[in-house]
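**Student:** Dropping the sequence and predicted coords here.
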Amino acid sequence: MNKFEYVSEYVTAEPLFVAVSSKDGLAVDLHFGHTREFWIFRLDSAGCTFVEHRPVELYCGGQGNANHSAMASTLETVADCDLLLVAKVGDGPKVRLAAIGVTPLDDYAWETVPDALAMLCDDIRAGKVAGVADSVGLRHA
């Protein structure tokens, strides 16, 4: 059985790409700055599909100790995604992500990835994710 069965009940008129910050792809369990790999998913008319892993260089070394070139590279890595599921994200990265059109969400922190994606779909359908429902036409199949 596909672990994304519940999510695949939902379809989008336009593809929606979601990056997930996770240690192992099982849960939304990493701070944006501590992420070493993003797990990319596509929500579309075929349902939910895992696309790929995208490794990144660690840029956050603690309070006031950031690798700015790694931050730029990390932003470039997720720039084609619409949403980013994280356990936590700082105010500075939130602003930089928004500037490239990526919406970070920490509402699903510590959830399993399938549960987080299912809750995300429910929240989009309910209009709880700003602007996303209108832009992708999410509807129940």
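**Tutor:** Ah, there it is.
**Student:** start to end distance for stretch 42-59?
**Tutor:** Length of stretch 42-59, first residue to last, C-alpha to C-alpha, to the nearest Å: 26 Å.
**Student:** What strand or helix carries residue 118?
**Tutor:** Using DSSP states H and E, residue 118 sits within helix 113-125.
**Student:** low-scoring pLDDT stretches of this protein, where are they?
**Tutor:** Scanning the chain for pLDDT under 70 picks out the ranges 1-13, 45, 61-68, 131, 133-141.
**Student:** buried stuff in stretch 21-41?
**Tutor:** Residues 21-22, 27-35, 37-41 are the ones in stretch 21-41 that count as buried (16 or more other C-beta atoms under 10 Å). To be clear about C-beta, it is placed using only N, CA and C from the backbone, and glycine gets the same treatment.
**Student:** Farthest pair within these?
**Tutor:** Spanning the widest gap among the buried residues of stretch 21-41 are 33 and 41, at 21.2 Å by C-beta to C-beta.
**Student:** Please name every helix or strand in contact with the helix holding residue 118.
**Tutor:** strand 16-21, strand 37-44, strand 83-85, helix 132-136 (3 or more C-beta pairs under 8 Å, 6 or more residues apart in numbering; DSSP states H and E).
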